[in-house]
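Participant: Could you look at this predicted model? Sequence included:
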Amino acid sequence: MGRTKKLKNLNSIIKDKAKIIKAKFSITNHTTSSIQIAVIRATTRSTRSPPHQHLISALVSFGHTTSYSASACIQTIINRLHHHHEPNAYVTLKSLITLHNMITSGSFVHPVSNTGLGFLNLSRFMDNTDAQSREFSLWAQWYARYLENNLCTSNIIGCDIFLSSKREVEKRKEKIKFSMYMDLFKEIKALVSMIEVICTAPKSLHCQTNDIIYEVMRLVGEDYRMLQHHTLIRLTELNERVQKLNSAELNELTQCLTRLESCKGRLTELFVNRGRNVSFWDFESELMEKVVRLKQERDDMKSVSLKMIEYVTESTQLNNKQISRPLRILPLVPFGQSNNWSNFEKVNPNICSATA
């Protein structure tokens with residue numbers, strides 16, 4: 001198996017060198033050929049080292065020149081993901097790392113207009129060369145799903161959530177103050193969904209000893225800090241409006257907070273050696289307690305109101321019965337006639353004596 005893997009890698013290296021030579025002597029646009037060479041060099045078959053930073057920087061700079069160059073960079077990376085003859089987990093992961101850098105640098109251009117979940121098409125990717133390649137294939141599947149979700153969340157939020165300067169964040173805070181409830185909940189759900197995707201990372205954390213996987217988690221960790229920040233801004237706004245939320249909105253907020261809370265343990269495990277934002281989780285817990293307390297108070301008030309309504313209803317019914325009860329009318333003796341009582345009903349002597 002080891003010898004087969006070495007032969008496979010040697011064959012792939014030769015093919016990559018052939019592609020570089022072909023690109024150098026290609027009659028296509030010089031920029032296009034330069035991009036192709038940079039992508040091939042950044043995504044070599046090496047099993048340990050991630051893309052070199054100077055190659056990433058070169059591709060990012062291409063992406064910031066013109067829209068054509070940015071589009072050519074993205075398309076070349078996606079072609080690299082799909083168009084090598086034999087699946088290679090290391091090439092795929094390095095291509096995704098390169099793509100991730102393009103996204104976070106702001107030089108990403110959608111290759112197609114309907115970009116969304118699944119556009120990277122790696123849900124069934126598998127490199128069966130050996131056990132490590134299969135493990136790394138699972139990481140590639142997850143990483144692709146994460147990047148797809150990253151782009152979808154940015155579309156929902158209405159901005160690139162990883163390119164927010166301090167000034168832009170302050171502007172965004174002001175806009176959020178005027179956001180509708182439905183928009184706030186939609187954005188929070190998208191952010192929580194993205195955090196949940198992070199939590200679905202493969203269980204084989206020992207793979208982080210490999211520099212490629214370590215680089216993947218470093219980039220995702222940086223994104224996670226920004227995700228916390230954007231989530232906190234929106235939760236803070238809802239906290240200020242919490243007294244105005246109706247029952248359905250309170251239930252929706254509770255569900256979001258519950259989903260977020262369920263991610264805490266897994267996130268701690270994934271980013272155990274990285275700084276944790278304790279204040280974020282403290283605020284989340286305080287808001288959850290506040291929402292639960294408010295729901296309980298409203299339930300108690302509702303219960304009291306129902307009991308009062310029942311009491312008033314019963315009292316009204318009782319009064320109505322007393323009012324509607326027919327009165328017995330005793331016959332009267334016509335004035336001026338003899339006291340002949342034989343034609344009338346007998347009257348209870350006790351009543352008569354009491355009357356007398």
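Facilitator: That came in fine, so what should we check first?
Participant: So for stretch 121-134, what gets flagged as buried?
Facilitator: Buried residues in stretch 121-134, counting neighbours by 16 or more other C-beta atoms under 10 Å, are found at 122, 125, 127, 129, 132, 133. Yep, even glycine has a C-beta here, placed from its N, CA and C like the rest.
Participant: pLDDT (mean, whole number) over the strand or helix carrying the fifth one?
Facilitator: I take that to be residue 132. Applying DSSP states H and E as the criterion places residue 132 in helix 131-157. Over the span of helix 131-157, the pLDDT mean works out to 92.
Participant: Counting by contacts, list what it packs against.
Facilitator: When contacts are defined as 3 or more C-beta pairs under 8 Å, 6 or more residues apart in numbering; DSSP states H and E, helix 131-157 sits against helix 89-105, helix 181-199, helix 211-241.
Participant: between the buried residues of stretch 121-134, which is nearest residue 68?
Facilitator: Within the set of those, residue 122 lies nearest residue 68; the separation is 26.0 Å, counting by C-beta to C-beta.
Participant: how near is the closest residue to the closest one other than its chain neighbours to residue 150?
Facilitator: Computed as C-beta to C-beta, 6 or more residues apart in numbering, the closest residue to residue 122 that is not its neighbour in sequence is residue 144, at 3.9 Å. In this structure, residue 144 and residue 150 are separated by 10 Å, where distance is defined by C-beta to C-beta, to the nearest Å.
Participant: Go ahead and name everything in contact with stretch 38-51.
Facilitator: The set of residues external to stretch 38-51 that reach it, using C-beta atoms under 8 Å, 6 or more residues apart in numbering, is 9, 12-13, 16, 19-20, 23, 52, 55-56, 58-59, 62, 73, 76-77, 80, 88, 90-91, 94-95, 97-98, 101, 132, 210-212, 214-215.
Participant: Residue ranges in the stretch 1-150 of the chain under the pLDDT threshold?
Facilitator: Counting by pLDDT under 70, the stretch 1-150 of the chain contains low-confidence ranges at 1-13, 18, 22, 24-28, 83-85, 107-117.
Participant: rerun at 80
Facilitator: When residues are selected by pLDDT under 80, those of the stretch 1-150 of the chain lie in 1-30, 45-48, 83-86, 106-119.
Participant: now the helices for it?
Facilitator: Assigned helices in the stretch 1-150 of the chain, in chain order: 2-24, 30-42, 53-63, 67-82, 89-105, 131-157 (criterion: DSSP state H, counting those that start in this stretch).
Participant: quick one: which of those helices is nearest residue 234?
Facilitator: helix 131-157 (9.5 Å).
Participant: which is the next helix or strand following that closest one?
Facilitator: Going down the chain from helix 131-157, the next helix or strand is helix 166-176, by DSSP H and E.
Participant: coming back round to it: point out the most buried one among the helices and strands packed on helix 131-157.
Facilitator: A comparison of the helices and strands packed on helix 131-157 by mean neighbour count, using mean count of other C-beta atoms under 10 Å, puts helix 89-105 on top with a mean of 23.
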